[in-house]
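Colleague: I'll drop the sequence and a predicted model, then ask my questions.
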Amino acid sequence: MRAARTLAVAATAFAAVGLAAPLAAATNGPSNVQVNPYDVHAGSTITITAKGCGHGGKVTSNAFPETNLSVNSNGLSSAIARVYNNATPGNYNLAVKCSDNSRVVTHPFRVLAGRGALGGIGGSLAPSSTEMAVGGGLVAAAALGGGVFIARRRMSGAGA
């Protein structure tokens, strides 16, 4: 009798856990959506994180192409999107939608003007006339100093 009771209690417990598992796995859609950085330059990347998308999802915006959410071991979904190079500076919204839910959550962010290439002017400019005059003067002074040094050395060597 005790074995039958124990078996009945165990079967009831397993059935309760088995029926509750699909409910625990179901999500209410995305929540706690965050963007980093909030202010992003055109052409740069932005990281989007969201909770509640256990099977991934999509992130959409006018400022970047549609991006897939990937899920890590902590149940946190994330995506990295590259803002268009020609995105107009201003305020934008992104929308997060999970694959297993129809709920959509939006979050704002701001696009700043692009920074362009930070390459400097390199060899793109010719020297100015002032720079040429200073350089020519230094070369002439070096030549004059070298000539004086050689002349003095010859004079001191001739007397020895």
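Modeller: Arrived safely.
Colleague: C-alpha only now, for contacts and for neighbours.
Modeller: Fine.
Colleague: How far away from the center of its chain is stretch 150-159?
Modeller: On the basis of Cα atoms, centre = their mean, to the nearest Å, stretch 150-159 sits 69 Å off its chain's mean C-alpha point.
Colleague: Kindly list the longest helix within the protein.
Modeller: Of all segments of type helix in the chain, defined using DSSP state H, the longest is helix 129-158.
Colleague: what mean pLDDT would you report for that helix?
Modeller: The average pLDDT for helix 129-158 rounds to 85.
Colleague: How many residues are close by S31?
Modeller: When neighbours are counted by other Cα atoms under 10 Å, S31 registers 17.
Colleague: Next up, phi/psi of it, please.
Modeller: As for S31, its main-chain torsions (degrees, to the nearest 10) stand at phi -150, psi 170.
Colleague: distance of it from R103?
Modeller: The gap separating S31 from R103 is 10 Å, by Cα to Cα, to the nearest Å.
Colleague: and what of A113?
Modeller: Counting by Cα to Cα - A113 and R103 are separated by 32 Å.
Colleague: where along this structure do the helices fall?
Modeller: 2-25, 129-158.
Colleague: Closest to the centroid, which residue in the protein?
Modeller: Relative to the mean C-alpha position of the chain, the nearest C-alpha, by Cα atoms, centre = their mean, is the one of T45, at 3.9 Å.
Colleague: And the pLDDT at that one?
Modeller: In this model, T45 is scored at 94, pLDDT.
Colleague: Please apply the same query to S61.
Modeller: pLDDT, read off for S61, is 94.
Colleague: who's it bridged to?
Modeller: L94 (DSSP bridges).
Colleague: residues near it, how many?
Modeller: S61 has 18 nearby residues by other Cα under 10 Å.
Colleague: With C53 instead?
Modeller: So C53, with other Cα under 10 Å, has 28 neighbours.
Colleague: quick one: the closest residue to it other than its chain neighbours from G147, how far?
Modeller: Distance criterion Cα to Cα, 6 or more residues apart in numbering; nearest residue to C53, sequence neighbours excluded, is C98 at 5.1 Å. To G147, C98 is 82 Å away according to Cα to Cα.
Colleague: for K97, same thing?
Modeller: In terms of Cα to Cα, K97 sits 81 Å off from G147.
Colleague: okay, those two: which has more neighbours?
Modeller: Higher neighbour count among K97 and G147: K97, with 22 against 12, using other Cα under 10 Å.
Colleague: what sits against the more buried one?
Modeller: G29, P30, G57, K58, V59, R103, V104, V105 (Cα atoms under 8 Å, 6 or more residues apart in numbering).
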